[in-house]
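Trainee: what follows is a predicted protein model with its sequence.
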Amino acid sequence: MTRRGIARTLVHLSLIAATLVVLLPLVVVLLTSLKSEKEMANTSGALELPHDLLNFHNYVAAFRDGEMLSAFTNTTIILLVSVTGTVLIGSMTAYAIDRFTFRFKKLVVALFLTAALVPGVTTQVATFQIVNSFGMFDSLWAPIALYMGTDIVSIYIFLQFVRSIPISLDESARLDGANAFTIYRKIIFPLLKPAIATVVIVKGITVYNDFYIPFLYMPSEDLGVISTSLFRFKGPYAAHWEVISAGTVLVILPTLIVFLSLQRFIYNGFMRGATR
Amino acid sequence: MTDTTEKAVVEVSTAAPVPAPASRRTRAWRGLTPWLFLIAPLALLITFTYAPIVNMLAYSFTDWDGVSPVLHYTGAANYEEVLTRPDLFEVFWVSGYYLAASAVQIVLALYFATVLSFDVRFRNFFKGVLFFPYLINGVAIGFVFLYFFQDGGTLDSVLGLFGAHTDHAWLGTPVSANTSLAGVSVWRYLGLNFVLFLGAIQSIPGELYEAAELDGANRWHQFRHIIAPGIKPVLTLTVILSISGSLSVFEIPYIMTGGATGTETFVIQTVNLAFRFNKTGLASAAAVVLLLIILLVTWVQRRLVPDDKVDLV
């Protein structure tokens, strides 16, 4: 074998090793979720295949006893409202900042810019008191307001897109008698589709996965979202890994489906989100 | 406010020629327009980002417990306690594990991004596999790895395949537990770094490689002289994000160990102080310290990489 051939083989081996490291923990959880309680007690290893590959009892148990239905409902409500809100707020801010000159514009821009540097985890101690004083604590409004109000990244994404829309479009519409709101609604917003897709995907995945905010603000059991409901499996099922595994698979599955169907958007979206 | 609108109107009308001289009312209306768009975003921004910072600063100089109507001004006592009480400051050392893990993570991400930027069979498959963990719910990851490290779990079984039978409790001692948790963090976040690096590498024009190959450059030379300079901005950004990320670790240790066996991080401690022990004043001081450190790190980054993308206007 030539030197290049050896190098190529080593590269392939490293990629296969990485694939195993990523997939093995997930596959084992999938296998565990299909095992019965008895199998769990008797078998020696986590790597053993389940006897019945179509044993979905644990999924039923996880879904029913784990309150997964109400968790998925709550997550969906929060997702829809906060993502819609984020898109409206982000695009309106970007439109106002890019298309108008007004006094204190520099200050407003600086306020948004600086906010991006403040990590949310550090300020929760005080944010909690504010959310509480609005009476939003332990309601779906707390995460909705926080997700809508503290997303600077999507404003950046919208701003980049608004800039790329030629101003001549606004001007010709204005000559036709359109006011600023008509221009935003009929011209800018429809042209922002790619940016909206990016924000919806990135924001959607972030909201779906968030644990910190719902954990802090919605302690009630009937207000569980995906993350917090799954977290609650830890107590009652502590020794029942087959049920916990089923719950875990139920939570990962939607992400996998979204990822497989929207791969390209997802890579671009997260790249844009991280590098701003 | 009238002053504001007047000036805005002048600037707007010079920027965009208006066909007919607008009446006083429409001009005032137009000056108000940007604020109508901004009022909701600004209200949210101030309520949920700036007001908390101001309040937090105020709380940090008091002994408030978060509930009672009485609070006393205590000067810098809380800061003194955060910085001098060993058990409070100790948690910063846990960040060291995550910092070391970030270094491993960046090196691995760079390696895989470089390798996959060339034509490799099943490239998209490998790219997807490496990136997918980043999208998974943190609680799900916590459970996957609790089972992974469990007695007789995935890791023990795999080691058993190679004939190594251990009864090592992976999450049992502080060093082992923190190393394991930092490993989980690499598993979870490698994908994002990798995709960022890959994007940066792929934006380097392909002719550069061809020219280098004609000049007899091997893969290492190509990496050293073409790829490395091309991804420097993204690399710096990643390093900074890793540092602030390592300082504010919360999810993985909180879900997996609850901060037990020496795995408590600064954020877990702050959350416990504030919401379990009702020491809002002390927790605020701790949070202010963390915020200042993170802002300092970010400031250093902005000095190192004066990149134009950051400017909004």
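Mentor: Structure's in. What do you need?

Trainee: burial of B:Glu210, as a residue count?
Mentor: By other CB atoms under 10 Å in any protein chain shown, the residues close to B:Glu210 number 10. The C-beta positions use only the backbone N, C-alpha and C, and glycine is treated the same way.

Trainee: helix or strand next in line after the host helix or strand of it, which one?
Mentor: Element membership for B:Glu210 (DSSP states H and E) is helix B:206-214. Counting by DSSP H and E, the element after helix B:206-214 in chain order, helix or strand, is helix B:219-222.

Trainee: identify the residues contacting the residue in chain A positioned nearest to chain B.
Mentor: Residue nearest to chain B within chain A: A:Gly149 (3.3 Å; CB to the nearest CB). By CB atoms under 8 Å, 6 or more residues apart in numbering or on different chains, A:Gly149 lies in contact with B:Leu44, B:Leu45, B:Thr47, B:Phe48, B:Thr49.

Trainee: how about the last one, secondary structure?
Mentor: Using DSSP: H, G, I helix; E, B strand; the rest coil, the secondary structure recorded for B:Thr49 is helix.

Trainee: dihedrals phi and psi, the nearest residue to it once chain neighbours are set aside?
Mentor: Of all residues not flanking B:Thr49 in the chain, A:Ala115 sits nearest, at 4.6 Å (CB to CB, 6 or more residues apart in numbering or on different chains). Torsion angles at A:Ala115 (phi, psi; degrees, to the nearest 10) stand at phi -60, psi -30.

Trainee: near chain A at all, the helix holding B:Glu210?
Mentor: No: in terms of CB under 8 Å from any CB of the partner chain, no part of helix B:206-214 sits within range of chain A; the closest distance is 12.2 Å.

Trainee: and that helix, which residues are buried?
Mentor: For helix B:206-214, burial by neighbour count (16 or more other CB atoms under 10 Å in any protein chain shown) applies to B:Tyr209, B:Ala212.

Trainee: which elements pack onto it?
Mentor: helix B:219-222 (3 or more CB pairs under 8 Å, 6 or more residues apart in numbering or on different chains; DSSP states H and E).

Trainee: so what's the gap between the helix it packs on and the chain middle?
Mentor: 31 Å (CA atoms, centre = their mean, to the nearest Å).

Trainee: that helix near chain A at all?
Mentor: Yes: against chain A, helix B:219-222 shows contacts by CB under 8 Å from any CB at B:Arg219.

Trainee: next SSE downstream of that helix?
Mentor: helix B:228-230.

Trainee: rounded mean pLDDT for whatever helix or strand comes next after that next one, please.
Mentor: Heading C-terminal from helix B:228-230, the first helix or strand you meet, by DSSP H and E, is helix B:232-247. Helix B:232-247 carries an average pLDDT of 85.

Trainee: hmm, who's touching helix B:232-247?
Mentor: In contact with helix B:232-247 (CB under 8 Å, 6+ apart) are residues A:119, A:274-275, B:92, B:95, B:98-99, B:101-103, B:105-106, B:109-110, B:189, B:193, B:196-197, B:199-200, B:266, B:290, B:293-294, B:297-298, B:300-301, B:304-305, B:307.

Trainee: show me where the stretch 151-300 of chain B has its helices.
Mentor: Along the stretch 151-300 of chain B, the stretches classed as helices by DSSP state H, counting those that start in this stretch are B:154-161, B:174-202, B:206-214, B:219-222, B:228-230, B:232-247, B:251-256, B:266-271, B:280-304.

Trainee: picking up where we left off before, quick one: which of the contacts of A:Gly149 is nearest B:Asn278?
Mentor: Closest approach between these and B:Asn278, by CB to CB: B:Phe48, at 22.5 Å.

Trainee: count the neighbours of that closest one for me.
Mentor: Applying other CB under 10 Å, I find that B:Phe48 has 21 neighbouring residues.
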